[in-house]
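Student: quick one: sequence and predicted model below, then my questions.
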Amino acid sequence: MSKHRHKLKLKPVLYSILAFMLAFVLFAFSICMVLKTTIFSKAFITDCMSSSGYFSMLKNELTDEMKSLGNASGLDEEFAESFVDSLNLQKSVKDYISNFYSNESTMVETTSFKQQLIYAIDEYVKEKNISSESVSEENVDYLVNNAEERYINIISIPFFSFMGNYIFKAQFPLTIITILLGVFALAIIAVIFFTNSFKHRRFRYISYGFGGAFLSVSLIPLIVQISGKISQININTRSLYNLFVSYMNGLFMNFWIYSVFYLFIAFITFLLYRKYYKRAISD
Amino acid sequence: MLLKELPRARVLMEHKHNHSRHHSYNGKNFIILPIIFCVLINLICYLMLAPSLSAFVSVGSLFFSDAQKDFSKDFNNIFVPVSEPSNTDSQAQQSAETIKISEITFPKYNEQFGELIIKDCQIDAKLFFGDGDIPLNNGVGIYGGSAIPGYGKTILVAGHNNTYFNGLKYAQVGQQIKIRTSYGNFVYEITDIQIKESTDTSAYDLSADSENLILYTCYPFDELGLTSKRCFVYAKPVSNLEIDKNN
């Protein structure tokens, strides 16, 4: 009898440990899934670019850069405004992002930009009837190279080239880890479910696990978003700043989605627990 | 069959007994256990990351500031002209030749704090601290690594040759340069004009112990494109106004 009582006391402890393991595995699983759908996803960054108005801001910034360069080079402000082409700019950015996610060189392609600029300067010289004495090939080359440098700086995303290699190499291991964690979580749920003779107990421990996962996953975005640090990032350009804020908000939104899902499961299993608990009592 | 059901019935009875004893116990657990799990999970994560966490936090803090970033292209203007030849009233009380350093509002980067005028060259430009895009698109700017007027060091002022410093093509030795700031008006006299390569660092001495003004711009003037040569205009102070660095 005492041995049986001892067994009865040990059982809740064992199932609580299983519930904790479930919470931990679900927490790790959601981090991996969030990484896979955000940092490791090309679609996520391109979506953020569209939603944050990145391209239009980038065009304005490039126009401002070209105006400044025009001031130093004897070109009118209208030259910069008419020269900057948003379609080409978008293509350069998209190529840059694609190269990043396919482990190719993260250099910004500038050939088309340079060709357009040289053509536009030639047209400007003709239009303004500028004498050939005032236009030396050396000075124009210097201007084009400087403009190219500014174009690269505008499009480049800090630390992208550094991170590109790591992200590409980590893609496959992350997929494997995510699958393993998912399988492990299902296995724990199966153990809790099939080793408990009472239905209400099955749902109780599953509810504990999902409740723990809900709190753990919520804690990360909660702390970061309450601290307000995201909006205090030191980024020099408005386009990159808005992209970063949109990117981080999207990333934390993914965490919230998982945490709401876990809360929902925890609540459903709690209701099922109550239902079977009442039935067990009345039986 | 009945024998098989017996242990299950006994467990059920004990279970009922437990539930009747601890009826509120289970409800609390739905709150307490997830909180304990959350604390344990975060503790485990902290212990796993602890060796590298402080390094990450200290490096990460470099990427953040205390306030939200201001992307405005507008510049701040702290320039309030003072009447000539005297300076502010408080300065006049101290000495006609010196200005207390404690009474000066030092300009921040990209801030307009004065005017630069060369009548003979038809130059009348806003004077900024810094020589980035904002200063050079709106006037002329003092290189951040040099000094402000009156400080007794080299003042290196940049401007574009097609805009605000286009008039430097008319510069001649002996002409006067006037710099007006909120803390006093300074007069310099052009002593030399030289054309040098942009990479030639011998064109200026930023560690000089005496006040000297250097204006520079791209050369040749009125050329399309960027040029590799620079036109340097050197000037010495004429007015005796200086900043008293000890007060």
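Tutor: Sure thing, it's come through.
Student: only C-alpha atoms from now on, for both contacts and neighbour counts.
Tutor: OK.
Student: B:His160 is in contact with A:Ala72, isn't it?
Tutor: Yes: with contacts counted by CA atoms under 8 Å, B:His160 reaches A:Ala72, the gap being 5.3 Å.
Student: what residue lies at the spatial centre of chain B?
Tutor: B:Tyr109 (4.8 Å; CA atoms, centre = their mean).
Student: state the pLDDT value of that residue.
Tutor: Looking at B:Tyr109, its pLDDT reads 92.
Student: ok, the one 10 residues further on next?
Tutor: pLDDT, B:Lys119: 96.
Student: state the distance from it to chain A.
Tutor: According to CA to the nearest CA, to the nearest Å, B:Lys119 stands 23 Å off from chain A.
Student: what about the chain, any weak spots by pLDDT?
Tutor: No chain in the question, so chain A it is. A:1-8, A:283 (pLDDT under 70).
Student: try again with chain B
Tutor: B:1-26, B:84-96.
Student: and it, what are its domains?
Tutor: The record's domain parsing of chain B by automatic domain parsing lists B:2-61, B:89-244.
Student: look up how far chain A lies from the residue nearest to the centre of chain B.
Tutor: Per CA to the nearest CA, B:Tyr109 is found 14 Å from chain A.
Student: how many neighbours does A:Pro158 have?
Tutor: 11 (other CA atoms under 10 Å in any protein chain shown).
Student: surely the residue nearest to the centre of chain B is in a helix?
Tutor: No: counting by DSSP: H, G, I helix; E, B strand; the rest coil, B:Tyr109 is not found in a helix; it is coil.
Student: tell me how many other residues crowd residue 175.
Tutor: In the absence of a named chain, chain A is used. Quick note: A:Thr175 (other CA under 10 Å) scores 14 neighbours.
Student: try again with chain B
Tutor: Neighbours of B:Gln175 using other CA under 10 Å come to 16.
Student: likewise for A:Leu10?
Tutor: A:Leu10: 12 neighbours (other CA under 10 Å).
Student: got the contact list for the residue in chain B positioned nearest to chain A?
Tutor: Per CA to the nearest CA, B:Pro34 is where chain B lies closest to chain A, at 3.8 Å. Listed by CA atoms under 8 Å, 6 or more residues apart in numbering or on different chains, the contact set of B:Pro34 reads A:Tyr208, A:Gly209, A:Phe210, A:Gly211, A:Gly212, A:Ala213, A:Leu215.
Student: one more pass at 6 Å, please.
Tutor: Contact analysis of B:Pro34 by CA atoms under 6 Å, 6 or more residues apart in numbering or on different chains lists A:Tyr208, A:Gly211, A:Gly212.
Student: can you flag the buried ones in these?
Tutor: Applying 16 or more other CA atoms under 10 Å in any protein chain shown to the contacts of B:Pro34, the neighbour count classes A:Tyr208, A:Gly211, A:Gly212 as buried.
Student: including distance to B:Phe56 and secondary structure, could those go into JSON lines?
Tutor: Below are the buried ones among the contacts of B:Pro34 laid out as JSON lines (distance: CA to CA, whole Å; DSSP: H, G, I helix; E, B strand; the rest coil):
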{"residue": "A:Tyr208", "distance to B:Phe56": "33", "secondary structure": "helix"}
{"residue": "A:Gly211", "distance to B:Phe56": "30", "secondary structure": "helix"}
{"residue": "A:Gly212", "distance to B:Phe56": "27", "secondary structure": "helix"}
